[in-house]
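# This is the structure alone, sequence omitted:
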(Lines give C-alpha, C1' and ligand atoms only; values in the text may rest on other atoms or scores of the structure.)
Protein backbone atom coordinates (compact mmCIF):
# COMPACT_ATOMS: atom_id res chain seq x y z
CA UNK A 1 0.00 0.00 0.00
CA UNK A 2 0.85 3.65 0.14
CA UNK A 3 1.90 5.40 3.32
CA UNK A 4 3.91 8.37 4.49
CA UNK A 5 5.62 8.45 7.85
CA UNK A 6 7.10 11.61 9.25
CA UNK A 7 8.64 12.43 12.59
CA UNK A 8 6.34 13.47 15.35
CA UNK A 9 6.33 16.95 16.67
CA UNK A 10 6.42 19.40 18.04
CA UNK A 11 9.94 20.21 17.06
CA UNK A 12 11.14 23.22 19.02
CA UNK A 13 14.32 25.01 18.10
CA UNK A 14 15.98 28.38 18.31
CA UNK A 15 16.27 30.88 15.52
CA UNK A 16 19.19 30.16 13.15
CA UNK A 17 19.26 26.49 14.14
CA UNK A 18 19.37 23.67 11.60
CA UNK A 19 16.09 21.93 10.90
CA UNK A 20 15.55 18.39 9.69
CA UNK A 21 12.17 16.70 9.41
CA UNK A 22 12.37 13.04 8.45
CA UNK A 23 9.93 11.56 5.97
CA UNK A 24 9.84 8.02 4.65
CA UNK A 25 7.30 6.47 2.35
CA UNK A 26 6.00 3.25 0.89
CA UNK A 27 4.41 3.36 -2.51
CA UNK A 28 3.51 1.50 -5.64
CA UNK A 29 5.63 2.64 -8.52
CA UNK A 30 7.50 5.93 -8.50
CA UNK A 31 5.35 8.68 -7.08
CA UNK A 32 6.04 12.38 -7.03
CA UNK A 33 6.91 13.64 -3.55
CA UNK A 34 5.91 16.90 -1.94
CA UNK A 35 6.36 19.00 1.16
CA UNK A 36 3.48 21.23 2.10
CA UNK A 37 3.48 23.88 4.83
CA UNK A 38 0.50 25.09 6.84
CA UNK A 39 0.73 28.38 8.71
CA UNK A 40 -1.75 29.01 11.54
CA UNK A 41 -5.26 29.60 10.28
CA UNK A 42 -4.37 28.93 6.67
CA UNK A 43 -4.62 26.16 4.14
CA UNK A 44 -1.75 23.98 3.02
CA UNK A 45 0.58 25.42 0.45
CA UNK A 46 3.25 23.73 -1.58
CA UNK A 47 6.75 24.24 -0.25
CA UNK A 48 8.68 22.06 -2.71
CA UNK A 49 8.40 18.92 -4.77
CA UNK A 50 10.44 16.29 -6.59
CA UNK A 51 9.13 14.10 -9.36
CA UNK A 52 11.83 11.46 -9.79
CA UNK A 53 14.68 9.77 -7.99
CA UNK A 54 17.63 11.99 -7.05
CA UNK A 55 15.68 15.16 -7.81
CA UNK A 56 16.19 17.91 -5.27
CA UNK A 57 13.35 20.26 -4.53
CA UNK A 58 14.15 23.62 -2.99
CA UNK A 59 12.31 26.76 -1.97
CA UNK A 60 12.72 29.51 0.63
CA UNK A 61 15.93 27.93 1.91
CA UNK A 62 14.31 24.52 2.37
CA UNK A 63 15.59 21.47 0.51
CA UNK A 64 14.61 17.83 0.13
CA UNK A 65 16.08 15.10 -2.06
CA UNK A 66 14.09 12.18 -3.48
CA UNK A 67 15.98 9.09 -2.30
CA UNK A 68 14.58 5.97 -3.91
CA UNK A 69 17.08 3.62 -2.28
CA UNK A 70 16.01 4.67 1.21
CA UNK A 71 12.45 5.68 0.24
CA UNK A 72 12.96 9.00 1.96
CA UNK A 73 12.34 12.68 1.34
CA UNK A 74 13.75 14.47 4.37
CA UNK A 75 13.22 18.22 4.66
CA UNK A 76 16.12 20.44 5.71
CA UNK A 77 16.82 24.08 6.30
CA UNK A 78 20.15 25.43 7.40
CA UNK A 79 19.01 28.42 9.44
CA UNK A 80 15.39 28.71 10.54
CA UNK A 81 13.53 31.88 11.34
CA UNK A 82 10.61 32.53 13.66
CA UNK A 83 8.46 32.90 10.55
CA UNK A 84 9.14 29.23 9.71
CA UNK A 85 6.96 28.18 12.63
CA UNK A 86 4.25 26.07 11.01
CA UNK A 87 3.09 22.51 10.43
CA UNK A 88 4.92 20.65 7.68
CA UNK A 89 3.36 17.79 5.73
CA UNK A 90 5.15 15.25 3.60
CA UNK A 91 3.02 13.80 0.82
CA UNK A 92 3.13 11.55 -2.22
CA UNK A 93 1.04 11.42 -5.33
CA UNK A 94 -0.34 7.91 -5.45
CA UNK A 95 0.31 6.09 -8.72
CA UNK A 96 -2.13 3.30 -7.89
CA UNK A 97 -5.06 5.65 -7.47
CA UNK A 98 -4.73 8.60 -9.76
CA UNK A 99 -5.12 11.96 -8.21
CA UNK A 100 -5.10 10.86 -4.59
CA UNK A 101 -2.39 12.31 -2.41
CA UNK A 102 -1.18 10.43 0.63
CA UNK A 103 -0.28 12.86 3.40
CA UNK A 104 1.81 12.27 6.47
CA UNK A 105 0.47 13.24 9.88
CA UNK A 106 2.27 16.57 9.87
CA UNK A 107 5.10 17.86 12.03
CA UNK A 108 4.68 21.04 14.00
CA UNK A 109 7.77 23.23 14.11
CA UNK A 110 8.13 25.98 16.67
CA UNK A 111 11.01 28.43 16.27
CA UNK A 112 11.79 30.65 19.23
CA UNK A 113 13.71 33.95 19.06
CA UNK B 1 -5.32 33.77 -10.34
CA UNK B 2 -7.53 34.06 -7.26
CA UNK B 3 -6.72 30.59 -6.00
CA UNK B 4 -9.20 28.13 -4.53
CA UNK B 5 -12.02 30.03 -2.87
CA UNK B 6 -14.00 28.58 -0.01
CA UNK B 7 -16.97 29.90 1.88
CA UNK B 8 -17.87 30.41 4.60
CA UNK B 9 -14.54 30.76 6.41
CA UNK B 10 -16.22 30.13 9.73
CA UNK B 11 -19.51 28.49 10.53
CA UNK B 12 -21.05 27.94 13.94
CA UNK B 13 -24.25 25.95 14.03
CA UNK B 14 -26.31 23.84 16.34
CA UNK B 15 -26.56 20.09 16.25
CA UNK B 16 -29.15 18.90 13.77
CA UNK B 17 -28.84 21.85 11.42
CA UNK B 18 -27.86 21.54 7.78
CA UNK B 19 -24.45 22.87 6.81
CA UNK B 20 -23.36 23.69 3.27
CA UNK B 21 -19.75 24.46 2.45
CA UNK B 22 -18.83 25.91 -0.92
CA UNK B 23 -15.78 25.80 -3.12
CA UNK B 24 -14.67 27.46 -6.32
CA UNK B 25 -11.61 25.70 -7.79
CA UNK B 26 -8.90 27.38 -9.79
CA UNK B 27 -10.02 28.01 -13.33
CA UNK B 28 -8.80 25.29 -15.67
CA UNK B 29 -8.31 22.71 -12.94
CA UNK B 30 -10.38 19.63 -13.60
CA UNK B 31 -9.88 17.75 -10.34
CA UNK B 32 -11.38 18.83 -7.04
CA UNK B 33 -10.87 17.37 -3.59
CA UNK B 34 -12.58 17.81 -0.22
CA UNK B 35 -10.50 17.18 2.91
CA UNK B 36 -11.29 17.32 6.60
CA UNK B 37 -8.69 18.22 9.20
CA UNK B 38 -8.93 17.50 12.91
CA UNK B 39 -6.38 17.21 15.67
CA UNK B 40 -7.32 13.59 16.29
CA UNK B 41 -7.37 12.26 12.73
CA UNK B 42 -5.21 14.74 10.85
CA UNK B 43 -5.97 15.37 7.19
CA UNK B 44 -8.56 13.02 5.67
CA UNK B 45 -9.66 12.87 2.05
CA UNK B 46 -13.44 12.80 1.92
CA UNK B 47 -14.17 12.77 -1.80
CA UNK B 48 -12.71 13.82 -5.08
CA UNK B 49 -14.07 14.72 -8.50
CA UNK B 50 -12.53 14.54 -11.92
CA UNK B 51 -14.24 16.51 -14.69
CA UNK B 52 -17.17 17.10 -12.30
CA UNK B 53 -17.71 13.37 -11.77
CA UNK B 54 -17.21 11.85 -8.30
CA UNK B 55 -14.37 9.34 -8.60
CA UNK B 56 -13.87 8.20 -5.04
CA UNK B 57 -16.15 8.94 -2.10
CA UNK B 58 -14.85 6.20 0.16
CA UNK B 59 -13.69 8.78 2.66
CA UNK B 60 -17.14 10.25 3.24
CA UNK B 61 -17.83 9.30 6.85
CA UNK B 62 -21.52 8.51 6.57
CA UNK B 63 -24.73 9.22 4.73
CA UNK B 64 -25.11 12.55 6.46
CA UNK B 65 -22.36 13.83 4.18
CA UNK B 66 -22.92 14.54 0.51
CA UNK B 67 -20.97 16.43 -2.13
CA UNK B 68 -21.84 17.73 -5.55
CA UNK B 69 -20.06 19.39 -8.42
CA UNK B 70 -22.70 20.72 -10.82
CA UNK B 71 -20.13 22.44 -13.03
CA UNK B 72 -16.40 22.96 -13.39
CA UNK B 73 -16.34 26.06 -11.23
CA UNK B 74 -18.37 25.10 -8.19
CA UNK B 75 -18.70 22.36 -5.62
CA UNK B 76 -20.60 21.92 -2.37
CA UNK B 77 -20.15 19.71 0.65
CA UNK B 78 -23.30 19.28 2.67
CA UNK B 79 -23.81 17.82 6.13
CA UNK B 80 -27.36 17.04 7.15
CA UNK B 81 -27.99 16.72 10.03
CA UNK B 82 -24.81 18.04 11.58
CA UNK B 83 -23.35 16.62 14.79
CA UNK B 84 -20.72 17.97 17.23
CA UNK B 85 -18.19 15.38 16.01
CA UNK B 86 -18.33 17.01 12.57
CA UNK B 87 -16.53 20.03 14.00
CA UNK B 88 -13.36 20.40 11.94
CA UNK B 89 -11.68 22.46 9.28
CA UNK B 90 -12.84 21.47 5.81
CA UNK B 91 -10.48 22.14 2.92
CA UNK B 92 -11.16 22.16 -0.76
CA UNK B 93 -8.26 21.62 -3.15
CA UNK B 94 -7.92 21.49 -6.91
CA UNK B 95 -5.33 20.45 -9.44
CA UNK B 96 -4.73 20.22 -13.14
CA UNK B 97 -5.04 16.88 -14.88
CA UNK B 98 -1.27 16.94 -15.35
CA UNK B 99 -0.31 14.05 -13.08
CA UNK B 100 2.76 15.79 -11.73
CA UNK B 101 0.77 18.81 -10.72
CA UNK B 102 0.49 20.00 -7.18
CA UNK B 103 -2.67 20.31 -5.17
CA UNK B 104 -3.76 23.88 -4.50
CA UNK B 105 -5.67 24.32 -1.25
CA UNK B 106 -8.24 26.85 -0.21
CA UNK B 107 -8.00 28.54 3.17
CA UNK B 108 -10.56 26.22 4.68
CA UNK B 109 -13.95 26.43 6.34
CA UNK B 110 -13.85 26.05 10.10
CA UNK B 111 -17.03 24.35 11.25
CA UNK B 112 -18.17 24.29 14.85
CA UNK B 113 -21.27 22.26 15.70
CA UNK B 114 -22.60 22.96 19.17
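All right, it came through fine. Model, not experiment: these values are computed from the prediction.
# Only C-alpha atoms from now on, for both contacts and neighbour counts.
Fine.
# Which positions in chain A make contact with chain B?
A:32, A:41-46, A:51, A:93, A:98-99, A:103, A:105-106 (Cα under 8 Å from any Cα of the partner chain).
# Residue of chain A nearest chain B, please.
Residue nearest to chain B within chain A (Cα to the nearest Cα): residue A:43, separated by 4.3 Å.
# contacting residues for the nearest residue to that residue once chain neighbours are set aside?
Using Cα to Cα, 6 or more residues apart in numbering or on different chains and skipping residues adjacent in sequence, the residue nearest residue A:43 is residue B:107, 4.3 Å away. Contact partners of residue B:107, counting by Cα atoms under 8 Å, 6 or more residues apart in numbering or on different chains, are A:41-44, B:4-6, B:9, B:91.
# can you pull out the strands in chain B?
Here chain B has its strands, by DSSP state E, at B:5-7, B:10-13, B:19-24, B:31-38, B:42-50, B:53-56, B:65-71, B:74-79, B:88-95, B:104-105, B:109-113.
# Flag every residue of chain B that's near chain A.
B:31, B:42-43, B:91, B:99-100, B:102-108.
# could I get these as CSV with pLDDT and distance to residue A:11?
CSV is the format used below for the residues of chain B next to chain A (pLDDT from 0 to 100; distance: Cα to Cα, whole Å):
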residue, pLDDT, distance to residue A:11
B:31, 92, 34
B:42, 89, 17
B:43, 91, 19
B:91, 97, 25
B:99, 56, 32
B:100, 60, 30
B:102, 86, 26
B:103, 90, 26
B:104, 93, 26
B:105, 95, 24
B:106, 96, 26
B:107, 95, 24
B:108, 96, 25
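# Run through chain A and note the low-pLDDT ranges.
Low-confidence regions of chain A, defined by pLDDT under 70, span residues A:97-99.
# how about a cut-off of 80?
A:1, A:95-99 (pLDDT under 80).
# wait, what's in contact with the residue lying farthest from the centre of chain A?
Each residue of chain A has a distance to the centre, and by Cα atoms, centre = their mean the biggest one is for residue A:113: 23.2 Å. Neighbouring residues of residue A:113 by Cα under 8 Å, 6+ apart: A:14-15, A:81-82.
# what do you get for residue A:54?
By Cα under 8 Å, 6+ apart, residue A:54 lies in contact with A:65-68.
# In strands, which of those fall?
residue A:65.
# out of the contacts of residue A:54, which is most surrounded?
residue A:66 (22 neighbours; other Cα atoms under 10 Å in any protein chain shown).
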